[in-house]
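1. Sequence plus predicted model, see below.
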Amino acid sequence: MPTQSQLAWQDMEYYFFAHFGPNTFTGLEWGKGTEKAEVFDPKDLDCDQWCRIAKAAGAKGIMITAKHHDGFCLWPSKYSTHTVRESQWKNGKGDVLKELSAACKKYGLKFGVYLSPWDRNHPAYGTPKYNDVFVNMLKEIFTNYGPVWELWWDGANGEGPNGKKQVYDFARFEKVVRKLSPNTIIFSDIGPDARWCGNEKGYAGKTNWDLLDTAGFKRGAGAPPTDTLNHGNVWGKNFIPAECDVSIRPGWFYHQKEDSLVKTPQQLFEIYSKSVGRGANLILNVPPDQRGLISKYDSAALIGFNKLRDQSFSNDLSKKGEVFYIKNGKKTVTTQLDDGNNKTFETVAASGSQSIEINFKDPQKINCIVLQENLKEGQHCAKFLIQLRDKNNQVIKEITGTTIGHKRIVTFPETEANRISLSILSQKASTRIAEIETFLIDEKLIER
């Protein structure tokens, strides 16, 4: 079963990642930890600008790389000598976490933190003492910059400055976070609250269970196979939904040479369809440049992406028809399935003849159907059937799919239909259908 925090997290659907640090200035993707702190100098840093763009792009939060593998801290940590305090920026008085946390509050966005356990700079890395350092850094962040809605851990574990690797005490790290902030979503290969989708393309599996078996697996090198992370486990013991990470650019940090390689609004829409549209969340990396601003190239693509989503999903054609819940041939009008609220639902039980139907007075041109499951009691649909019928009630198109989960976006060539029906062919338990929406979107956006 999901927690209330996980349900709220899934409702966010899409938000920003912000890779930012010395790599922004050196051109590297993985810093070596030997870079001088002076290289970090974003003279025009404006976290309000980041938040304005995020709001205009329809994103719900921003996750910042508070410390990447190079060990540089974007806040003046007491537990490192490789921080903004040692940089030239603001004469060592700057604090990126403080500015971004405040800006997120101002603009009504969630604030998240990526904190790499790997540290290629800290002298204690590779010794038991480093676990104390990492715990103290967590305490600093959660105490001084919260609330933190999501904490991101990847599994990177390389050598530190002494040539040794660290044995991370993740059980202790989790315990500290749970005590400081019980509602924070903790992300990693094995959760415990959200999992990696198994690739950095931003694509979830066409079948995507929110469930995962974690026994015997670790973060990083000992993680579940990428195919398992992509699809989940149908009978998995833990509710750990997928999060899809992808960058708007080829790299994760800003590089000027990539200004011409920013993903187009159409490419971002495809990623959205294959992440959020397959029941996962989308974390889209938008890296600030050397000024400390989101570039005009990224901004233009993001605004275009938001415009495409608005154009595509603003006119729910279901509202032009009448929605019925059908049980053993008896039709009952329902208002639960086109009210824009995934907390209301109709239950399609595991036994008996039950379905959902939309009847239109006049035929409607349709090429996109959006389904949502109410997940409060778990994810249940394993296979569904959509039928489009003409005025004589003849089936003119059939579409099958597997999982629905938080949201399923189904696209197909434009079809004129008088009636649409949804049946559940296979399920783990009674499926709670929360929404069925129908749209006519730009044909160029149809998933191929």
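-> Arrived safely. Numbers count the residues shown, from 1 in each chain.
2. from here on, contacts and neighbour counts on C-alpha atoms
-> Noted.
3. Once you drop chain neighbours, what's closest to residue 418?
-> The shortest distance from residue 418 to any non-neighbouring residue, by C-alpha to C-alpha, 6 or more residues apart in numbering, is to residue 363 (4.5 Å).
4. Give the helix, strand or coil label for that neighbour.
-> Recorded secondary structure, residue 363: strand (DSSP: H, G, I helix; E, B strand; the rest coil).
5. State whether it and residue 415 are indeed in contact, as I suppose.
-> No - the criterion here is C-alpha atoms under 8 Å, and residue 363 misses it with residue 415 at 9.7 Å.
6. show me where the protein has helices.
-> 4-12, 23-26, 47-56, 96-107, 128-144, 170-180, 226-231, 265-275, 296-313 (DSSP state H).
7. Nearest to residue 212, out of these?
-> Nearest to residue 212 among these is helix 226-231 (7.8 Å), distances taken as C-alpha to C-alpha.
8. care to break this protein down by domain?
-> With domains defined by automatic domain parsing, the chain comprises 4-313, 317-445.
9. which one in this protein is furthest away from the centre?
-> Most distant from the centre of the chain: residue 392, at 42.6 Å, with distances by C-alpha atoms, centre = their mean.
10. any idea which of the domains of the chain scores lowest on pLDDT?
-> With a mean of 94, domain 317-445 has the lowest mean pLDDT of those.
11. Quick check: the gap between residue 314 and residue 439.
-> 8 Å (C-alpha to C-alpha, to the nearest Å).
12. what number of residues lie near residue 134?
-> Look at residue 134: counted by other C-alpha atoms under 10 Å, it has 21 neighbours.
13. Would you confirm that it contacts residue 119?
-> No - between residue 134 and residue 119 no contact is recorded; they are 9.7 Å apart, counting by C-alpha under 8 Å.
14. Spatially nearest residue to residue 85 (excluding sequence neighbours)?
-> residue 92 (4.1 Å).
15. what do you get for residue 22?
-> Using C-alpha to C-alpha, 6+ apart, the closest residue to residue 22 is residue 40 (5.2 Å).
16. hang on, the one you found packs against residue 87?
-> Yes - proximity of residue 40 to residue 87 meets the contact threshold set by C-alpha under 8 Å, at 6.1 Å.
17. more crowded one of these two?
-> Just comparing residue 40 and residue 87: by other C-alpha under 10 Å the higher neighbour count belongs to residue 40, 24 against 18.
18. I'd like to check which residues are in contact with the residue nearest to residue 218 when sequence neighbours are not counted.
-> Leaving aside its sequence neighbours, residue 218 sits nearest to residue 190 (C-alpha to C-alpha, 6+ apart; 6.9 Å). Shown in contact with residue 190 (C-alpha atoms under 8 Å, 6 or more residues apart in numbering): 196, 212, 214, 217, 218, 219, 223, 224, 240.
19. burial count for the first one?
-> Right, the one you point to is residue 196. Residue 196, neighbours per other C-alpha under 10 Å, totals 26.
20. Then the fourth one?
-> Using other C-alpha under 10 Å, the number of residues around residue 217 comes to 14.
21. The residue nearest to it when sequence neighbours are not counted: what's it in contact with?
-> Of all residues not flanking residue 217 in the chain, residue 223 sits nearest, at 5.3 Å (C-alpha to C-alpha, 6+ apart). Residue 223 makes contact with 189, 190, 217 under the criterion C-alpha under 8 Å, 6+ apart.
22. any idea how far the last one is from residue 224?
-> Meaning residue 217. The gap separating residue 217 from residue 224 is 6 Å, by C-alpha to C-alpha.
23. Residue 158 is nearest to which of the helices of the chain?
-> Of all these, it is helix 128-144 that lies closest to residue 158, at 13.9 Å by C-alpha to C-alpha.
24. Show me what that closest one is in contact with.
-> Under the criterion C-alpha under 8 Å, 6+ apart, residues 77, 79, 117, 124, 148, 166-169, 173, 176-177, 180-181 lie in contact with helix 128-144.
25. And for stretch 392-406?
-> 10-11, 206-210, 278-280, 371-375, 379-390, 415, 418-419.
26. just stretch 245-260 next, same as before
-> 19-20, 23-24, 27-29, 196-197, 199-202, 261-263, 268, 282-290, 297-298.
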